[in-house]
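[1] here is the input, now give the coordinates:
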Amino acid sequence: MTSPAFRVERTPARRFNSKLRTVRLHLAREPKHPNGSELHGYGLIAPLDAHGMLDPSLWRKERAQCRVVRFWAGEQTLFGMLVRRHGGAGGATWGFDFDPDRADDDEIGVRLDIHRFRTGDYVTIKHLGEAHVFRVASVDDFAPENRLPPLAPGRSKTERDDSPAA
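    Numbering: from 1, shown residues only. Sure, this is the predicted structure:
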């Protein structure tokens with residue numbers, strides 16, 4: 001009989017705590033915005049692992065939930081999807097697709113496969129070929145009450161859900 005003081009217990013297999021999170025990105029300092037801007041940025045539902053990095057396996061399971069909203073002062077709000085495409089330095093490239101029928105509207109993340117999404121960290125997104133740096137303003141657990149607005153069938157992805165119907 002083994003004494004309880006000498007009992008060896010198996011440690012459970014390490015599991016990554018991956019789940020969907022809502023992430024808000026604000027434009028960091030740049031020449032046109034020396035103090036950054038909270039009026040320029042993105043809100044997204046992202047599949048993050050315990051380290052705050054994008055999790056491809058969770059994205060594959062939950063890709064329909066992985067939405068993006070682009071808000072840019074003076075421009076119309078855009079609604080789209082977080083996408084992962086083959087190719088790029090890490091084997092895949094993450095980006096935002098605002099119209100699945102067009103490739104010229106996509107905004108590509110710069111090495112998002114190796115960046116953390118933790119409050120205060122920075123990520124780079126290319127918009128119309130120009131790179132902009134964004135500060136991660138917040139990362140929160142995804143919950144139905146803070147999800148991004150759904151896209152209604154038959155409506156333009158650039159229309160706001162609160163806009164009057166035509």
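
[2] the closest residue in space to His115 that isn't next to it in sequence: helix or strand, and which one exactly?
    In space, and not counting its chain neighbours, His115 is closest to Val123: 5.0 Å by Cβ to Cβ, 6 or more residues apart in numbering. (Each C-beta comes from the backbone N, C-alpha and C, glycine too.) Assigned by DSSP states H and E, Val123 falls within strand 122-127.

[3] try Trp59
    If you go by DSSP H and E, Trp59 is part of helix 56-62.

[4] any low-confidence regions in this protein?
    1-17, 88-91, 144-166 (pLDDT under 70).

[5] and the strands in it, which stretches?
    Here the chain has its strands, by DSSP state E, at 19-27, 37-48, 67-72, 78-86, 92-97, 107-109, 122-127, 130-141.

[6] in CSV: those, plus mean neighbour count and distance to Ser57.
    Formatted as CSV, these follow (neighbours: other Cβ atoms under 10 Å; distance: least, Cβ to Cβ, whole Å):
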stretch, mean neighbour count, distance to Ser57
strand 19-27, 20, 12
strand 37-48, 20, 8
strand 67-72, 20, 19
strand 78-86, 19, 11
strand 92-97, 20, 12
strand 107-109, 20, 18
strand 122-127, 17, 21
strand 130-141, 15, 19
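
[7] just tell me which of the ones you listed ends up closest to Trp59.
    Taking Cβ to Cβ, strand 37-48 is the member of the strands of the chain nearest to Trp59, at 4.4 Å.

[8] what helices and strands are in contact with that closest one?
    strand 19-27, helix 56-62, strand 67-72, strand 78-86, strand 130-141 (3 or more Cβ pairs under 8 Å, 6 or more residues apart in numbering; DSSP states H and E).

[9] of all the ones you listed, which lies closest to Arg118?
    Proximity to Arg118 (Cβ to Cβ) singles out strand 130-141 among those, at 6.2 Å.
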